[in-house]
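Colleague: All I have is the shape, not the residue letters:
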């Protein structure tokens, strides 16, 4: 497997001890009694992950007298799109926070928001191998991924059996047949949280990945060159797919991960058969069931290749979540990150079913069969393309997602998506 490497990342920074408010941002505080407070923002709000991070904070405090860790979970979109950017811009960031690779992280590094880690925790960086590459800028490491995986379909094996489907589809044409079989059986084929926009965008991403050659993908990332016909073709394929009405009623207003009515909730409660989503989805779905457990009916399969298309059928779309420290964080922040990335904690993360760890030795602790399947799919992928909005950066990514959302809502065209991307690239 080859990981697509982007020169992007955030990171940790050595800093003085500054004022800290209770979990709402602010650099770590050095009080008059010699105590230090580290604020930690993450996206663990459902399933077992909040408890995992709470235990990690308590364990770190026990091993580091005088250090208090205030960890807070926020909904992913709010954290990435609003809370972290606003806190950084206001000069009042949390100490340890979620970091995504790509253009926005390059901007964070350029603005001096993040701490270089290579001299702070070199052994930790080495432990994750090539997975850390997308979190590096000009050879410097600014954050470390604690999980990395690929996207695919999370599906209800019971509903598949009810519709007479014996096995997951292996080609896109077979996927179309599965959709029709489910509809004929009175089952909603696919749930999508288009209300949060990015889940809708990921459908276009997949069509683009399967339709664009590796050379076209490289030109798009390196040169913002979207002239290849494959980018318009991706929109045309999405338009054709929307025409068969594969999604639930009201999909344009459905959230992805919040509550029983979300797209993940529809899977969790047996109201839809499939959802296209990232490797973290098992934990999210489990957190939305009545017993808070990953349902036994849950299965996973990769997005199938499109026969005759120019894209590599074994390429996968994916990414990960990393942590970095603010440039205003105390030195203890790097020590907390080092602990989070230890084999012990990575194994605990894996065993909880919250995702695929990046420390190789910890993958042996994966218990969820679906996560094992995702890990196998990751290993078998010819290469992993980072999420396109991450790869292209905030300016192009936002314009692209807006164009895709318009197409989903019936107010845009395949050509409009590419035009928005090109116009946005021209402003950079």
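Modeller: It's in. Just so we're clear, the structure is a prediction, and the values are computed from it rather than from any experiment. Numbering: from 1, shown residues only.

Colleague: mind checking how far stretch 232-239 is from the chain centre?
Modeller: Put simply, stretch 232-239 sits 23 Å off its chain's centre (Cα atoms, centre = their mean, to the nearest Å).

Colleague: What of stretch 353-360?
Modeller: For stretch 353-360, the distance to the chain centre is 13 Å (Cα atoms, centre = their mean).

Colleague: Now do the end-to-end distance for that stretch.
Modeller: This stretch, stretch 353-360, spans 16 Å end to end (Cα to Cα, to the nearest Å).

Colleague: Sort out which residues of stretch 377-384 are buried, please.
Modeller: Within stretch 377-384, the residues that count as buried by 16 or more other Cβ atoms under 10 Å are 377-378, 381, 384. Any C-beta I mention is one placed from the backbone N, CA and C, and that applies to glycine too.

Colleague: Out of the residues you listed, give me the two with the largest separation.
Modeller: For these, the farthest-apart pair by Cβ to Cβ is 377 and 384; their separation is 9.9 Å.

Colleague: Need the overlap of contacts for these two.
Modeller: 150, 316 (Cβ atoms under 8 Å, 6 or more residues apart in numbering).

Colleague: Closest one to residue 259 out of the buried residues of stretch 377-384, please.
Modeller: residue 377 (28.5 Å).

Colleague: ok, now which ones touch the closest one?
Modeller: Per Cβ under 8 Å, 6+ apart, neighbours of residue 377: 150, 152, 300, 302, 316.

Colleague: Just the buried residues of those residues.
Modeller: 150, 152, 300, 302, 316.

Colleague: Look up phi and psi at the last one.
Modeller: I take that to be residue 316. phi -130, psi 150 (degrees, to the nearest 10).

Colleague: cool, and the third one?
Modeller: With angles defined as degrees, to the nearest 10, residue 300 sits at phi -140, psi 140.

Colleague: State the distance from the residue lying closest to residue 265 once chain neighbours are set aside to residue 182.
Modeller: Computed as Cβ to Cβ, 6 or more residues apart in numbering, the closest residue to residue 265 that is not its neighbour in sequence is residue 288, at 4.5 Å. Here residue 288 is placed at a distance of 21 Å from residue 182 (Cβ to Cβ, to the nearest Å).

Colleague: which pair in the contacts of residue 377 spans the largest distance?
Modeller: Taking Cβ to Cβ as the measure, those have their most distant pair in 300 and 316, spaced 12.5 Å apart.

Colleague: who touches both of these two?
Modeller: 152, 377.

Colleague: and the closest residue to residue 91 other than its chain neighbours, how many residues sit next to it?
Modeller: Nearest non-adjacent residue to residue 91, counting by Cβ to Cβ, 6+ apart: residue 328, 7.8 Å away. For residue 328, the count of nearby residues is 24 (other Cβ atoms under 10 Å).

Colleague: Test my guess that residue 328 contacts residue 95.
Modeller: Yes: between residue 328 and residue 95 there is a contact at 7.5 Å, judged by Cβ atoms under 8 Å.

Colleague: Which helix or strand lies directly C-terminal to the helix or strand that contains residue 241?
Modeller: For residue 241, the host element (DSSP states H and E) is helix 230-243. Next helix or strand after helix 230-243 toward the C-terminus (DSSP H and E): helix 263-268.

Colleague: how far does that next one sit from the chain's center?
Modeller: Using Cα atoms, centre = their mean, the offset of helix 263-268 from its chain centre is 18 Å.

Colleague: Do me a favour and average the pLDDT over it.
Modeller: For helix 263-268, mean pLDDT rounds to 97.

Colleague: residue contacts, residue 148?
Modeller: Contacts of residue 148 (Cβ under 8 Å, 6+ apart): 131, 279, 318-320, 356, 358, 378.

Colleague: Take the residues you listed and write them to TSV, including distance to residue 239.
Modeller: Formatted as TSV, the contacts of residue 148 follow (distance: Cβ to Cβ, whole Å):
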residue	distance to residue 239
131	35
279	28
318	25
319	26
320	31
356	33
358	37
378	30
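
Colleague: What about the residues you listed, which are in helices?
Modeller: residue 378 (DSSP state H).

Colleague: Looking at the contacts of residue 148, spot the one nearest residue 427.
Modeller: The closest of the contacts of residue 148, once distances to residue 427 are taken by Cβ to Cβ, is residue 319, at 24.6 Å.

Colleague: The closest one and residue 99 touch, don't they?
Modeller: No: in this structure, residue 319 is not within contact of residue 99 by Cβ under 8 Å, at 11.6 Å.

Colleague: out of the two, which sits in the more crowded spot?
Modeller: The neighbour comparison of residue 319 against residue 99 (other Cβ under 10 Å) goes to residue 99, with 28 against 25.

Colleague: Quick check on the more buried one: phi, psi?
Modeller: phi -130, psi 130.

Colleague: now do residue 146
Modeller: Dihedral angles (degrees, to the nearest 10) for residue 146: phi -100, psi -10.

Colleague: hang on, it packs against residue 338?
Modeller: No: Residue 146 is beyond contact range of residue 338, at 11.6 Å (criterion: Cβ under 8 Å).

Colleague: More neighbours: these two, which one.
Modeller: residue 146 (27 against 20).

Colleague: For the more buried one, give me its contacts.
Modeller: Residue 146 neighbours (Cβ under 8 Å, 6+ apart): 320-323, 340-341, 346, 349, 357-358.

Colleague: Tabulate the residues you listed (CSV), appending pLDDT.
Modeller: Shown next, in CSV, are the contacts of residue 146 (pLDDT from 0 to 100):
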residue, pLDDT
320, 90
321, 92
322, 95
323, 97
340, 98
341, 97
346, 97
349, 95
357, 94
358, 93
